[in-house]
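>>> Can you look at this prediction? I've put the sequence above it.
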Amino acid sequence: MSLSQKSISIIKATVPVLEVHGVTITTTFYRNMFKANPQLLNIFNHSNQREGKQQNALANTVLQAAIHIDKLNELNLAPIFHKHVALGVLPEHYPIVGSNLLGAIKEVLQDAATEEILGAWGEAYGVIAKAFIDAEAALYKVTEEQIGGWRDTREFIVDRKVEESSNIFSFYFKPVDGKPIATYIPGQYITIKVPLTLENGEQRTHIRHYSLSDTPSEQYYRISVKKEDALKETNPNGVVSNHLHSNVKVGDKVLLSPPAGDYVVDQFATNPILLISGGVGITPLLSMAKATLVKQPEREITFVHSSKNKQYQPFSNELSELEKSNKVKVSTVHSDTDGHITKDKLAKFINPSQIKETKVYICGPVSFMSSINKQLIELGYPKENISYEIFGPFTNV
């Protein structure tokens, strides 16, 4: 199924409108959809909704779809497919989204949203929704049919809970049924679904994605969770992280979705890799480093990690073990005493002769990744060789 040339032209003509009104449209969309379909609140991150991150991310996605409507294959939609499968998005959800999105366009743009424009966007949404449904069906199938795989959620038990720093705990999960678990590619995440009771007594499922922080194991999954600041009106983050830190203990059961994500290390490439993390952003990169050391012991690995100070430095022992292998060059920066990572500091950690061939992975706060990304490009790293992971809705760095 393809779009008519007329619809393509109409949608491209709406790009300037979306640049101005996109966030208003998506904010209206979410408000109306949740009001009419409150059950969908259980598959969205409520903190991202409150902060407007999800609205901004969707507005950007819609804008990019309009810009590339005649060449959608140029968009990297894989991260969205993986997130949808991890969240349990199903084909029957797409008509709900479509009707509410068109309704929001009409509500915001009013008379400017002509029947012709709504018809073109309706046609486009049908094409895009089918592409999403097909891609996600294939991913569901692979996820479920792999050895140890499953669909939707599976019950696990907390086997161990380990303090990694003053604000990070690791949780080791083993399957309650004792059956095999799916392996994963270093860099991927699992999704935890936590039913919590709100202050008004309403039960709601909170969903979070957490990077897998260890070498793939046949026995367990490990996530490492930073406890966000205590909940308060000015900072609604931390509902799940506070719950995990304060209430979840060894022996408790949790619901997990299978490993997912396309931010992964290529285990068949042989070029050097540079891992740069800030704070809890170390989690996917630690998995990459440990797994690469095991599978590709001759591959050059440089690992740079920044944290506030030694008190907030997670995985000190594991980083020391990596360094002792003499295969991984590890550098740690404590901003309280060393200052933040600068281009000059970064230049001391790297091999300048390998800049053009090195694959770089960055993970940490958005401001940290933006700064590092800029420094790497100034040092000569090709933009296409730099990958980063956002803990939340996609944001450009």
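Received, thanks.
>>> Next up, the contacts around the residue lying farthest from the centre of the chain.
What lies farthest from the middle of the chain is Asp111; by CA atoms, centre = their mean that is 37.5 Å. With contact set as CB atoms under 8 Å, 6 or more residues apart in numbering, Asp111 has no partners. C-beta: built from backbone N, CA, C; applies to glycine.
>>> Tell me the secondary structure at it.
Per DSSP: H, G, I helix; E, B strand; the rest coil, the secondary structure class of Asp111 is helix.
>>> residues contacting Val108?
21, 24-25, 28.
>>> out of the residues you listed, who's nearest Pro195?
Nearest to Pro195 among those: Thr28, at 28.7 Å, using CB to CB.
>>> Just give the nearest non-adjacent residue to that closest one, would you?
Nearest residue to Thr28, sequence neighbours excluded (CB to CB, 6 or more residues apart in numbering): Ala104, at 4.1 Å.
>>> so the one you found is in which element?
helix 93-109 (DSSP states H and E).
>>> Please state the offset of that helix from the chain centre?
25 Å (CA atoms, centre = their mean, to the nearest Å).
>>> What is the subsequent helix or strand relative to it?
Next along the chain from helix 93-109, counting by DSSP H and E, comes helix 115-145.
>>> Who are the packing partners of that next one?
helix 5-13, helix 78-87, helix 93-109, strand 253-260 (3 or more CB pairs under 8 Å, 6 or more residues apart in numbering; DSSP states H and E).
>>> got the angle for the longest one vs helix 115-145?
Calculated by axes from the mean of the first three to the mean of the last three CA atoms, to 10 degrees, helix 93-109 forms an angle of 150 degrees with helix 115-145.
>>> can you pull the buried residues of helix 93-109?
Within helix 93-109, the residues scored as buried using 16 or more other CB atoms under 10 Å are 93-94, 97-98, 100-109.
>>> cool, the first one as well?
Along helix 5-13, these residues count as buried under the neighbour rule (16+ other CB under 10 Å): 7-8, 10-11.
>>> How about the second one?
Within helix 78-87, the residues that count as buried by 16+ other CB under 10 Å are 80-87.
>>> ok, the residues you listed vs Leu118, which is closest?
Of all the buried residues of helix 78-87, Ile80 has the smallest distance to Leu118: 23.7 Å, by CB to CB.
>>> how close does that closest one get to Phe169?
According to CB to CB, to the nearest Å, Ile80 and Phe169 sit 29 Å apart.
>>> got it, and Ile11?
47 Å.
>>> try Pro186
Distance from Pro186 to Phe169, by CB to CB: 21 Å.
>>> same deal with Ser213?
11 Å.
>>> can you give me phi and psi for the residue nearest to Gln219 when sequence neighbours are not counted?
Nearest residue to Gln219 in three dimensions, chain neighbours excluded: Lys174, at 6.6 Å (CB to CB, 6+ apart). Backbone torsions for Lys174, taken as degrees, to the nearest 10, come to phi -120, psi 150.
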